[in-house]
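Trainee: Provided below are the primary sequence and the corresponding predicted coordinates.
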Amino acid sequence: MTSASEVDPSTVETPVGVVDLERVRANARRVAAYAAEHGLAWRPHIKTHKSLTIGRIQLEAGATGLTVATLREAEVMSELTDDLLLAYPQIGPTRLERLAALAARVDIKVALDSVDVLEPLAAAMVGAGVRVGVLVEQDVGMGRVGVQGPEEVVALAQRATDLEGVDFRGVLLYPGHIRGRPSDQDDGLSAVSDQVGKTLEALETAGLSPSIVSGGSTPTLWGSHKVRGLTEIRSGSCIYFDREGLDLGVAESSNVAYSVLATVVSTSVPGRAVVDAGSKALAKEARGGAGYGILADHPEVVVVGLSEEHGVLDIEGTDWAPVIGERVRIIPNHVCVSVNLNDHLVARDGSTWRTMPLEGRGRGRWSR
């Protein structure tokens, strides 16, 4: 699917992801307003939506640039903005060739956490006659990637400063280990703030003042201003939200802009109903409580089981009596993974429905 076209909602085949564009716009305005209120830039991560349509809405609402995870996403989103952050280390000659082609026409920053990534990156950019920005990623508690403290940040930043082809631009962090409700996040955010503060002090002492301190996540979105020195937030799933966002209290049901439209295909097993949205539509990711999703219009109904094409609903605790052929909307646990399972989405804008391509999906080179 390469272009949008209007569709009759009654003929849309299920399962398919459906986006409410009115809610998308409202979410974008709300996040941009929060960022502006606290002197932060919003550089949303587009891995959630992978869509030019949604990226455009974010930029129009006030996003200052976009964050991407793949070169495909970067190539696509370079059509909307020349300010990109590639929040993933780039390794290998093919990736570096594609990155150099982007750097020739946009301001692109790359996050990394080792000299083993930095030095080949710099050499490739020198060979191509271009420059890229570098953000040194620091682990602030998640234990996934990132150097382990201020000294390592300074050492890698200094090496970036010494090399041709790259420019040290700042620090990147991701507080993904903080997943409690906002009222329970103060201790975690304080610990992150202390770590960032020490890193910034070390960089200042070394004469390596960063212009960008990039952080944020959707679970910690509304507390981002509590982290010392942060200049921008990258929260991405806040454009749609999901069951996790509801469970954590960072969103209300009226904010959820994405759901999977599914059809009831069986009610033969007592206490259960089966829909045609299985793990290939919702993703078998057990986040946000028991099960894999909830019904948007009957939130007491949980998707308790997933096969590839079967979603099993627990209907024992509801007055709702599903019938074969009935359509339901499921809010998945994790929206980003569900979106990526679709060939395209259906976007609802008031009374108008249309297909919406996912241009950033996949790994291959992007071209119109």
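Mentor: It's in. Values in this document were obtained by computation on a predicted structure and should not be read as measured data. Residues are numbered from 1 along each chain as shown.
Trainee: got the buried residues for stretch 243-258?
Mentor: If you call a residue buried by 16 or more other C-beta atoms under 10 Å, then stretch 243-258 has these buried ones: 243, 244, 245, 246, 247, 248, 250, 251, 255, 256, 257, 258. All C-beta atoms are positioned from the backbone trio N, CA, C, and that covers glycine.
Trainee: Narrow the residues you listed to those in strands?
Mentor: residue 258 (DSSP state E).
Trainee: which among the buried residues of stretch 243-258 gets closest to residue 14?
Mentor: residue 258 (14.8 Å; C-beta to C-beta).
Trainee: got the contact list for that closest one?
Mentor: Residues near residue 258 by C-beta atoms under 8 Å, 6 or more residues apart in numbering: 17, 18, 19, 20, 240, 241, 242, 331, 332, 335, 338, 339.
Trainee: one step back: same list, the buried residues of stretch 243-258, but as CSV with distance to residue 364 and pLDDT please.
Mentor: Formatted as CSV, the buried residues of stretch 243-258 follow (distance: C-beta to C-beta, whole Å; pLDDT from 0 to 100):
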residue, distance to residue 364, pLDDT
243, 31, 95
244, 30, 95
245, 31, 95
246, 35, 95
247, 36, 94
248, 35, 94
250, 34, 96
251, 33, 97
255, 33, 98
256, 31, 98
257, 28, 98
258, 25, 98
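Trainee: Where helices are concerned, which of the buried residues of stretch 243-258 count?
Mentor: 243, 244, 245, 246, 247, 248 (DSSP state H).
Trainee: For residue 46, state which of those residues is nearest.
Mentor: Relative to residue 46, the closest of these is residue 245; by C-beta to C-beta it sits at 17.3 Å.
Trainee: Which residue comes closest to the closest one once chain neighbours are left out?
Mentor: residue 251 (3.9 Å; C-beta to C-beta, 6 or more residues apart in numbering).
Trainee: do residue 120 as well
Mentor: Closest residue to residue 120 apart from its sequence neighbours, by C-beta to C-beta, 6+ apart: residue 96 at 6.9 Å.
Trainee: Over to residue 26?
Mentor: residue 255 (7.6 Å).
Trainee: repeat for residue 178
Mentor: Per C-beta to C-beta, 6+ apart, closest to residue 178 is residue 188, 4.0 Å.
Trainee: What is the burial count for that neighbour?
Mentor: If you count neighbours by other C-beta atoms under 10 Å, residue 188 ends up with 20.
Trainee: same thing with residue 90?
Mentor: For residue 90, the neighbour count with other C-beta under 10 Å is 21.
Trainee: Where does the residue nearest to it when sequence neighbours are not counted fall, secondary structure wise?
Mentor: In space, residue 90 comes closest to residue 99 once its chain neighbours are excluded; the distance is 5.5 Å by C-beta to C-beta, 6+ apart. Using DSSP states H and E, residue 99 falls within helix 93-103.
Trainee: Check the model's average confidence along that helix for me.
Mentor: On average, the pLDDT along helix 93-103 is 97.
Trainee: Which elements pack onto that helix?
Mentor: Here helix 93-103 touches helix 71-77, strand 107-112, helix 115-128, going by 3 or more C-beta pairs under 8 Å, 6 or more residues apart in numbering; DSSP states H and E.
Trainee: rewinding a little: closest to residue 292 out of the buried residues of stretch 243-258?
Mentor: Nearest to residue 292, judged by C-beta to C-beta, of the buried residues of stretch 243-258 is residue 243 at 8.7 Å.
Trainee: do you know how far that closest one is from residue 250?
Mentor: Distance, residue 243 to residue 250, using C-beta to C-beta, to the nearest Å: 12 Å.
Trainee: At which residues are the helices of the protein located?
Mentor: Under DSSP H, the chain gives helices at 21-37, 52-61, 71-77, 93-103, 115-128, 150-162, 186-205, 243-248, 279-282, 335-340.
Trainee: Include distance to residue 311 when you put those into CSV, please.
Mentor: Shown next, in CSV, are these (distance: least, C-beta to C-beta, whole Å):
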stretch, distance to residue 311
helix 21-37, 23
helix 52-61, 25
helix 71-77, 28
helix 93-103, 36
helix 115-128, 40
helix 150-162, 45
helix 186-205, 34
helix 243-248, 14
helix 279-282, 6
helix 335-340, 12
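Trainee: So for residue 270, which of the ones you listed sits nearest?
Mentor: Nearest of these to residue 270, taken as C-beta to C-beta: helix 279-282 at 23.2 Å.
Trainee: what's that closest one in contact with?
Mentor: Helix 279-282 is contacted by residues 15-17, 260, 262, 292-293, 303, 306-309, 311, 330, 332-333, 338, 341-342 when judged by C-beta under 8 Å, 6+ apart.
Trainee: Could you check the angle the helix holding residue 99 makes with helix 115-128?
Mentor: Interaxial angle of helix 93-103 relative to helix 115-128 (axes from the mean of the first three to the mean of the last three C-alpha atoms, to 10 degrees): 60 degrees.
Trainee: Would you mark the buried spots in helix 93-103?
Mentor: With burial defined by 16+ other C-beta under 10 Å, the residues of helix 93-103 counted as buried are 95, 96, 98, 99, 100, 101, 102, 103.
Trainee: circling back: list the contacts of the residue nearest to residue 120.
Mentor: Applying C-beta under 8 Å, 6+ apart to residue 96 gives the contacts 90, 120, 121, 124, 125.
Trainee: Put the buried members of those into a PyMOL selection.
Mentor: Applying 16+ other C-beta under 10 Å to the contacts of residue 96, the buried members can be selected in PyMOL as follows:
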select buried, resi 90+121+124+125
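Trainee: For stretch 41-48, output the C-alpha coordinates as CSV.
Mentor: Output in CSV follows, covering the C-alpha atoms of stretch 41-48 (Å, rounded to 0.1, in the frame of the first residue of the first chain):
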residue,chain,number,x,y,z
ALA,A,41,12.0,20.4,22.8
TRP,A,42,9.9,17.4,21.6
ARG,A,43,11.7,15.1,19.2
PRO,A,44,9.2,12.2,19.0
HIS,A,45,10.3,8.7,18.2
ILE,A,46,8.5,7.6,15.0
LYS,A,47,9.0,3.9,15.6
THR,A,48,5.5,3.9,17.0
